[in-house]
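J.: When you get a sec, could you give me coordinates for this:
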Amino acid sequence: MPFIHETAVVSPSAIIADDCHIGPFCTVGDNVTLGNAVRLESHVVVDGITSIGNETHIFPFASIGLGPQDLKYAGEPTETVIGKKNNIREFVTVHRGTAGGGGVTRIGDNNLLMAQAHVAHDCQLGSEIIMANAATLAGHVEIDDRASVGAYSGVHQFCRVGREAFIGGYSVVVKDAMPFAIVQGNHAKCYGLNKVGAKRRGYSRETISQLNHAFHLLLSSKMNTTQAVERIAAEIKDCPEVALLVDFITSSKRGVIK
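T.: Presented below is the predicted three-dimensional model:
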């Protein structure tokens, strides 16, 4: 049987795995599903049509799956889907989706959401992401795997943050942050390849060199973005990371941060 503290309020229709831990003063709603070894510390609220994957750990005063801060939301039955082995710290808020945004707010696996981080409606987060304290995502934001969003940074609606991008603290992101890039400031600017992060993740010297050359063409040459992308495609071949960077830029709807 799961451990459910006597002061917790858990709906009898919620689906709770046998080895869950639900601490004091938690509230778990009718349509919530908690996977194996999910642990809710005290005063956690989980509501709406929400599923939380195995071994996710949620700390006090987090709020998961409640209605979005969107004036167009009219109570439609939308969802929140959270994957496995996430750490969701104190006072984090994750809101469910809206009908106009696809209906699902989704978070992948092995993410760390530090205290007071906010994930708004219809956001799509990958895996192994770090959101530092009070990092804030507006609605419909997409974040790819292993990206980092610094403390007190804000990401505008419909923006994308590319794979392994690093957004420095107190930044304001109003366009797409390119994969592998360092982005910082208000409004944010791109400061090139995150070389330290690339080395830590084990990229080869050749791959780092090719990525660095691509960022040089994008940021330091006198070419516009279209010209730089054409030059990158012509000069750098057979590098999946550069191909990912080029695809991200060409598919951008808001434009990329330079």
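J.: any chance you could map the helices in the protein?
T.: 195-200, 205-219, 225-235, 240-250 (DSSP state H).
J.: Take the ones you listed and lay them out in a markdown table including distance to G101, mean neighbour count and mean pLDDT.
T.: C-beta here means a position set from N, CA and C on the backbone, and glycine is covered the same way. Below are those laid out as a markdown table (distance: least, CB to CB, whole Å; neighbours: other CB atoms under 10 Å; pLDDT from 0 to 100):
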| stretch | distance to G101 | mean neighbour count | mean pLDDT |
| --- | --- | --- | --- |
| helix 195-200 | 30 | 14 | 96 |
| helix 205-219 | 30 | 18 | 97 |
| helix 225-235 | 28 | 15 | 96 |
| helix 240-250 | 21 | 18 | 98 |
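J.: Dump those helices into JSON lines; add distance to H140 as well.
T.: Shown next, in JSON lines, are the helices of the chain (distance: least, CB to CB, whole Å):
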{"stretch": "helix 195-200", "distance to H140": "26"}
{"stretch": "helix 205-219", "distance to H140": "25"}
{"stretch": "helix 225-235", "distance to H140": "23"}
{"stretch": "helix 240-250", "distance to H140": "17"}
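J.: Among the ones you listed, which comes closest to R39?
T.: Counting by CB to CB, R39 lies closest to helix 195-200 out of the helices of the chain; the figure is 29.0 Å.
J.: distance between the closest one and the chain's centre?
T.: Centroid separation for helix 195-200 versus its chain: 20 Å, with CA atoms, centre = their mean, to the nearest Å.
J.: And for stretch 85-97?
T.: Remark: stretch 85-97 is offset 11 Å from the chain centroid, using CA atoms, centre = their mean.
J.: Show me the shaky parts of the stretch 51-200 of the chain.
T.: For the stretch 51-200 of the chain, not a single residue meets the criterion pLDDT under 70.
J.: picking up where we left off before, between the helices of the chain, which one is closest to K258.
T.: Across these, K258 has its closest neighbour in helix 205-219 (6.0 Å, CB to CB).
J.: other SSEs contacting the closest one?
T.: Packing contacts for helix 205-219, counted by 3 or more CB pairs under 8 Å, 6 or more residues apart in numbering; DSSP states H and E, involve strand 188-193, helix 195-200, helix 225-235, helix 240-250.
J.: Nearest to Q157 among the helices of the chain would be which one?
T.: helix 240-250 (18.3 Å).
J.: contacting residues for the nearest residue to L66 once chain neighbours are set aside?
T.: Leaving out its chain neighbours, the residue that sits closest to L66 by CB to CB, 6 or more residues apart in numbering is D47, at 5.3 Å. Listed by CB atoms under 8 Å, 6 or more residues apart in numbering, the contact partners of D47 are T27, V28, G29, V32, I64, G65, L66.
J.: 7 Å - rerun?
T.: Each residue near D47 by CB atoms under 7 Å, 6 or more residues apart in numbering is listed here: G29, V32, G65, L66.
J.: Then L211?
T.: By CB under 7 Å, 6+ apart, L211 lies in contact with F180, L193, A198, E241, V242.
J.: The fourth one contacts S209, correct?
T.: It stands for E241. No: assessed by CB atoms under 7 Å, E241 is found out of contact with S209, at 11.1 Å.
J.: quick one: F91 and I49, what's the gap?
T.: Taking CB to CB, to the nearest Å as the measure, F91 falls 23 Å from I49.
J.: starting at the chain centroid, how far to stretch 205-219?
T.: Stretch 205-219 has its C-alpha centroid displaced from the chain centroid by 25 Å (CA atoms, centre = their mean).
J.: cool, and stretch 4-20?
T.: 27 Å.
J.: All set, thanks.
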